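Novice: A predicted structure for the sequence below; I have some questions about it.
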Amino acid sequence: MPHLLPLLVAVPLLGAALLAAGGRHMPRVVAESTACAVAAGTAALAVVLLAHSSPPPTEWAGGWEPVDGHSVGIALTGDGPGLGMAALVSVLTLAALAYSWRSFDEPPPGHAGAFPALVLVFQAGMCGFSIAGDLFNAFVWFELMSVAAYALTGHRVEEARAVQGALTFAVVNSLGAYALLMGIALLYARTGELGLAEIGHALDAHGPPDATVLAAFVLVLTGLLVKAAAVPFQFWLPDAHAVAPTPVCMLLSGVMVELGVFGVWRVYDTVFSGPGGLPAADAERVLSVLGALTAVIGAVMCWHQRHIKRLLAYSTIAHTGLFLLGIGTLAPGGDDGIALYVVGHAGVKAALFACAGILLDRYGSVDEHVLHGRARPLRSVAVMFVVGALGLAGLPPFGTALGKSAAEEAVGGPLTVLYVLASAVTAAAVLRVAARVFLGLGPTPRDAGGQGAADPDETTGSGEQPETTRRLGRVPDTMTVVPALLLAGALAAGAVPGFGDAVARAMGEATTAGLVHTSVHWTPVGVGLGLLSTVLAAVLAAVAVARPGRLVAPGWATVLRRLQSGHVGDYVAWLLVGATVMGVLALPAVLPG
């Protein structure tokens, strides 16, 4: 089985090469069918390997095995978390490709394979990052997925906004990658190793952490948290989601952002959790502070959006904060809960973006005000939008609810309130959109004609262009079946008996503390908190629909919108601020006494 690990990367890369070379001679249906087959085959392979991941195998690509404990080869590790992420990546890639079957303009002759080839390269980079056993090659896969994501974000290159969004994405994420590379260089200079486990052992042998270790920790986490869109590194994400094609948004919010969180967990647990790394109290402080800020700012900004794709992007940011809080407990229960939370969130968020794409292609807008009452005929889409909102709220038995319940138990104390509020506010914003757009509830907005927003810093979404040749008169079946299946999967993650425990076993076998088994199961408190956040979401949405100005805080909204300026220089400045804040929060680790 270990010899099959490289195929998780090789298969999508070979598929992309085939489409790039032969796509000019293929009709669109053949190119897209080939891409779907490659993504499905990779997903099946990941699931088979996941079933045989105990004990976790390691494969040295090309047979370059360590000599006398030192290695120069590429290590691939097939443990439960890595293979689970590879399987999730591949399933969502298949969903995005199936959704895009009818959601795009007919490509020019000779270009039928361009988009699916880029998606497969993106999949290869994400799968490689998931199973990377050494830090430098994790960086290589990190950059491969980033380059593909840049191109996919700016796929509609004829639109200036798409080019600007892709450029912002490229600059901010490239700076994050440079920070990650500098952190890797410091660790290599200190230890002479690049393997994750080997770096951890070498740091422990050197004794207590010093300024070099602290700098490496801050730089590595900066690179990963940029990809995770944690505050204050998050500014690129809403701008990218506003212009990226819908299938790309499904992948960005469904799995790529979560891979940044996965990287933070992997690197701390394997490299920095020993006596030579960062003390647990300091790491917990860094992750908890950034997680709380991310959850609060993401939820507030989500509530104040009328651009539906931006609203969903800020919801992703808020949930990233909850993920960071969970892994910030540095406890097996928190890790297990977040792993299940990520699975449920991926299905729910990808489905919601798919529904937003249907609105764009049917009505030529993603403006909540302009679409007021216009989507009444789309009953099935309305149902999926509401179901997705309930999944975000953490309504049992969704996988998001079970994962949220386990994370809340691990976090405990006042931060549990943050889980309830962030989930409720983001879900309420989605429910508000559903009530206004699909049911026409509440008073008609004064700017429903699309003449612009009262706040010049507010992005409305009324100037968007459909991703199809013309507005859809009838929504294709593939565009509705895909989100329905994604929501069913998110529901099954919490409803299928034993699935939570299977996730916990996979996570426990990968921890550096050894074989640690926890149980992820429904508890009365967890069910109660899930119901509470759902009820609170429904109440907030009802008040917002009936009294549109009642729950608005214009001052806060204006300040936060101005920070989202669209100027890449501002975003770079905030990246430096974020790295500095992390350094200050972690500084006690190297102070005497």
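Specialist: Sure thing, it's come through. Worth saying up front: this structure is predicted, and the values here are computed from it rather than measured.

Novice: Only C-alpha atoms from now on, for both contacts and neighbour counts.
Specialist: Will do.

Novice: burial measure for Gly263, as a count.
Specialist: Around Gly263 there are 23 other residues, counting by other Cα atoms under 10 Å.

Novice: same thing with Met301?
Specialist: Each residue near Met301 was counted by other Cα under 10 Å, and the total is 22.

Novice: now do the one 4 residues further on
Specialist: A total of 23 residues lie near Gln305 under the criterion other Cα under 10 Å.

Novice: tell me what the helix or strand harbouring Leu219 is packed against?
Specialist: Taking DSSP states H and E as the definition, Leu219 sits inside helix 211-228. In terms of contacts (3 or more Cα pairs under 8 Å, 6 or more residues apart in numbering; DSSP states H and E), helix 211-228 is packed against helix 160-191, helix 257-267, helix 568-586.

Novice: For the chain, which segments count as strands?
Specialist: For the chain, strands defined by DSSP state E occupy the ranges 58-61, 74-77.

Novice: out of these, deepest packed?
Specialist: Scoring those by mean neighbour count under mean count of other Cα atoms under 10 Å gives strand 74-77 as the most buried, with a mean of 25.

Novice: Would you mind giving the domain segments of this protein?
Specialist: Each structural domain of the chain that the record assigns through automatic domain parsing is listed here as a residue range: 1-133, 166-274+565-593, 279-444+473-552.

Novice: Tabulate those in JSON lines, adding columns for distance to Gly154 and mean pLDDT.
Specialist: Output for the domains of the chain, formatted as JSON lines (distance: least, Cα to Cα, whole Å; pLDDT from 0 to 100):
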{"stretch": "domain 1-133", "distance to Gly154": "11", "mean pLDDT": "86"}
{"stretch": "domain 166-274+565-593", "distance to Gly154": "5", "mean pLDDT": "91"}
{"stretch": "domain 279-444+473-552", "distance to Gly154": "16", "mean pLDDT": "91"}
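
Novice: Dump those domains to JSON lines, plus distance to Val559.
Specialist: Compiled in JSON lines, these are given as follows (distance: least, Cα to Cα, whole Å):
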{"stretch": "domain 1-133", "distance to Val559": "35"}
{"stretch": "domain 166-274+565-593", "distance to Val559": "10"}
{"stretch": "domain 279-444+473-552", "distance to Val559": "10"}
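
Novice: closest to Tyr150 out of those domains?
Specialist: In this view, the domains of the chain are compared for proximity to Tyr150 by Cα to Cα, and domain 166-274+565-593 is the closest at 5.4 Å.

Novice: And that closest one, how far out from the chain middle?
Specialist: Domain 166-274+565-593 has its average C-alpha position 15 Å from the chain's average C-alpha position, going by Cα atoms, centre = their mean, to the nearest Å.

Novice: ditto for stretch 479-496
Specialist: Computed by Cα atoms, centre = their mean, the separation of stretch 479-496 from the middle of its chain amounts to 17 Å.

Novice: Just the buried residues of that stretch, please?
Specialist: 479-480, 482-484, 486-495 (16 or more other Cα atoms under 10 Å).

Novice: residue boundaries of the helices in the stretch 351-500 of the chain?
Specialist: In chain order, the stretch 351-500 of the chain shows helices spanning 379-393, 399-411, 415-439, 477-495, 499-510, with DSSP state H, counting those that start in this stretch as the criterion.
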